[in-house]
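1. Here is a sequence with its predicted model. Questions after.
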Amino acid sequence: MSKAAEDQTVGDWVQQHLDEVCGWPALSTPERKCLVEACDRDVFSAGLCATHRLRARSRMLRERDGGGSK
């Protein structure tokens, strides 16, 4: 790789190839819904809504600390 290419930023490259970039199709983004099949809440973190993330975290901590499952 040339020194000029190493110093080039992504923004520089985009500016130089603007016509090509403008012709690219838009990427679809996955729907931001909870991974739990019956849940239609929006994702909070790690693919789960706030409620299901809290339940998963609580269960993980119980299992880690040697507690039983509830």
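-> That came through, no problem.

2. For K33, what are phi and psi?
-> phi -110, psi 150 (degrees, to the nearest 10).

3. That one contacts G47, doesn't it?
-> No. Between K33 and G47 there is no contact under Cβ atoms under 8 Å: 9.2 Å. C-beta here means a position set from N, CA and C on the backbone, and glycine is covered the same way.

4. residues near the closest residue in space to F44 that isn't next to it in sequence, how many?
-> Closest residue to F44 apart from its sequence neighbours, by Cβ to Cβ, 6 or more residues apart in numbering: A50 at 4.1 Å. By other Cβ atoms under 10 Å, 13 other residues sit near A50.

5. Give the phi and psi angles for A50, as a check.
-> Torsion angles, degrees, to the nearest 10, at A50: phi -60, psi -40.

6. What of the one 5 residues further on?
-> Its backbone dihedrals place R55 at phi -60, psi -40, with angles given as degrees, to the nearest 10.

7. And it, how far from L35?
-> Going from R55 to L35 by Cβ to Cβ, to the nearest Å gives 12 Å.

8. And V21, which helix or strand is it part of?
-> Per DSSP states H and E, V21 falls inside helix 18-22.

9. Which secondary structure elements does that helix sit against?
-> Using 3 or more Cβ pairs under 8 Å, 6 or more residues apart in numbering; DSSP states H and E, no helix or strand is in contact with helix 18-22.

10. Mind listing what's buried along it?
-> When burial is assessed from 16 or more other Cβ atoms under 10 Å, helix 18-22 yields no buried residues.

11. Pull the residues that contact it.
-> V14 (Cβ atoms under 8 Å, 6 or more residues apart in numbering).

12. Output it as PDB, nothing but the C-alphas.
-> Output in PDB follows, covering the C-alpha atoms of helix 18-22 (Å, rounded to 0.1, in the frame of the first residue of the first chain):
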ATOM      1  CA  LEU A  18     -18.900  10.300  -4.600                       C
ATOM      2  CA  ASP A  19     -20.700   9.500  -7.900                       C
ATOM      3  CA  GLU A  20     -20.100   5.800  -7.300                       C
ATOM      4  CA  VAL A  21     -21.200   5.900  -3.700                       C
ATOM      5  CA  CYS A  22     -24.400   7.800  -4.500                       C
END
